[in-house]
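**Q** Here is the input, now give the coordinates:
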Amino acid sequence: MKIVYLLPGGLYNPGGMERVTTLKANYLSDCLGHEVFIVTTEQMGRPVFYSLSGKVTLCNLDIGIYERFGKESYVRKVISRHFKTIRYRRQLKKLLYEIRPDITVSTLGLDIGFINSLDDGSVKIGELHFPGNFRTLMAGKLSDSLIPNLVARLRTCELKHKCGSLERLVVLTREEKSFWHRDNVEVIPNPLTFHPQSCAHLESCKALAVGRLAYEKGFDILVDIWQKVTVTHPAWELHIYGSGNQKEALLRQITDSGMSDNIILHEPVTDIENVYPACSIFLFPSRYLEALPMVMLEAMSFGLPVVSFDAPCGPKDLIDDGNNGFLVPAGDTDMFADCVCRLIESQVLRNSFGRAAKISSMEYNMESIMEKWKNLFRELVDKS
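**A** Here you go, the predicted model:
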């Protein structure tokens, strides 16, 4: 079977979607013997961040759709995006005619606007790695103005319409499925990337947070929370692994708050599995825009107890509040800090949460999740 993944951006990013796409592509090619292609628009000669199997073909169209993101006016962005989308469609159509895939998987970048009209003969599937109403959520959080919020609602309606024409739309959580109200929606979670044989000892004075350093991820909130924590627990350190457009602002905030000895910012690493065991608590301060957080699932597989805001939609699928972690109402920094302190003050509680976290993570093992994908692909190809 030939399978094509359309990935907005490229595989140079240390992001969750890039990681999951790489893992699934590797498994489909190496373990199941399929011919797999990944199509990117922004790779631009940069090396892939996560190890990609030599059996997977990387097709870099290098259109540069997002190369001037945040550096041009709204009008220029609209015009530029329009012409680059036309170019993307033309090049993608040509590529699909050359490959003749059985399955084309869109991760719902700009191609969702035209993929249903491409007549290359492949079955078209959507794979959603973010909440379907993310534009509405972002607009509501970032602006009170009528026009941005109206545009966001219109674009959300358009996305739902386009996804309704796909043969199948795969989402990551049960909560996300309830948003769509369509018969073609199916839940397949992301697979767990690690299979650690043992748990972290949970004895170090280290908390961990991992993710893109962007506004929606809430690391600026976490700095404020950690100030509250260190009032009573000054020996504890917070280690943050990530990169992004908020990095400089975050460094300034850490310095200005006098927390440079307690909060350590690290660059992303490809061997994050070596970081989890050295920590005792995992923190997830995301404001919104979470589907199924891979870093949280990975941390739980090492037996790390979690404290997370109840961001839509993924954390509540992973955290059983009071059993394997704490799920805190969004924005309640005092409660978040209190939950962290409870875990710091009780090794027994950390161990109990950690054991439960590891057990609950096991249902996301790679073999089980990829069996679902294998069955879905076979069903859709046989039906076409």
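**Q** Setting the sequence-adjacent residues aside, check what's closest to residue 26.
**A** Nearest residue to residue 26, sequence neighbours excluded (CB to CB, 6 or more residues apart in numbering): residue 53, at 4.3 Å. Bear in mind the C-beta positions are built from the backbone N, C-alpha and C, glycine included.
**Q** residues contacting that neighbour?
**A** Neighbouring residues of residue 53 by CB atoms under 8 Å, 6 or more residues apart in numbering: 25, 26, 29, 30.
**Q** can you check residue 251 too?
**A** Shown in contact with residue 251 (CB under 8 Å, 6+ apart): residue 265.
**Q** and it, what pLDDT?
**A** Per-residue confidence (pLDDT) for residue 251: 96.
**Q** Would you mind pulling up the elements that the helix or strand encompassing residue 97 packs against?
**A** Using DSSP states H and E, residue 97 falls within helix 74-99. Where contact means 3 or more CB pairs under 8 Å, 6 or more residues apart in numbering; DSSP states H and E, helix 74-99 is packed against strand 2-7, strand 35-40.
**Q** Those strands: which one's closest to residue 278?
**A** Closest of the helices and strands packed on helix 74-99 to residue 278 is strand 2-7, at 31.5 Å (criterion: CB to CB).
**Q** Just after the closest one, pick out the following helix or strand.
**A** Scanning onward from strand 2-7 (DSSP H and E), the first element met is helix 16-30.
**Q** Flag every buried residue along that next one.
**A** 16-29 (16 or more other CB atoms under 10 Å).
**Q** now stretch 248-259
**A** 250, 253, 254, 259.
**Q** okay, those in a markdown table with distance to residue 39 next?
**A** Shown next, in a markdown table, are those (distance: CB to CB, whole Å):
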| residue | distance to residue 39 |
| --- | --- |
| 250 | 33 |
| 253 | 38 |
| 254 | 39 |
| 259 | 43 |
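**Q** Please identify which of those is nearest to residue 47.
**A** Of all the buried residues of stretch 248-259, residue 250 has the smallest distance to residue 47: 25.5 Å, by CB to CB.
**Q** so who does that closest one touch?
**A** By CB under 8 Å, 6+ apart, residue 250 lies in contact with 213, 219, 220, 223, 240, 265.
**Q** Helix, strand or coil: sort out it for me.
**A** Three-state call for residue 250 (DSSP: H, G, I helix; E, B strand; the rest coil): helix.
**Q** how far away is it from residue 206?
**A** 18 Å (CB to CB, to the nearest Å).
**Q** Which neighbouring elements make contact with the host helix or strand of residue 356?
**A** Using DSSP H and E, residue 356 falls within helix 347-361. Helix 347-361 is packed against helix 294-301, helix 333-344, with contacts defined by 3+ CB pairs under 8 Å, 6+ apart.
**Q** 6 Å - rerun?
**A** With contacts defined as 3 or more CB pairs under 6 Å, 6 or more residues apart in numbering; DSSP states H and E, the packing partners of helix 347-361 are helix 294-301.
**Q** Next up, the contacts around the residue lying farthest from the centre of the chain.
**A** In the chain, the greatest distance from the average C-alpha position (CA atoms, centre = their mean) is reached by residue 232, at 33.2 Å. By CB atoms under 6 Å, 6 or more residues apart in numbering, the contact set of residue 232 is empty.
**Q** how about 10 Å then?
**A** For residue 232, the contacting residues are 337, 341, 344, 345, by CB atoms under 10 Å, 6 or more residues apart in numbering.
**Q** swap in residue 362?
**A** So residue 362 contacts 192, 195, 300, 301, 368 (CB under 10 Å, 6+ apart).
**Q** quick one: it from residue 191, how far?
**A** 12 Å.
**Q** Need the residues touching each of those two.
**A** Common contact partners of residue 362 and residue 191 (CB under 10 Å, 6+ apart): residue 368.
**Q** Kind regards, and thank you for your time.
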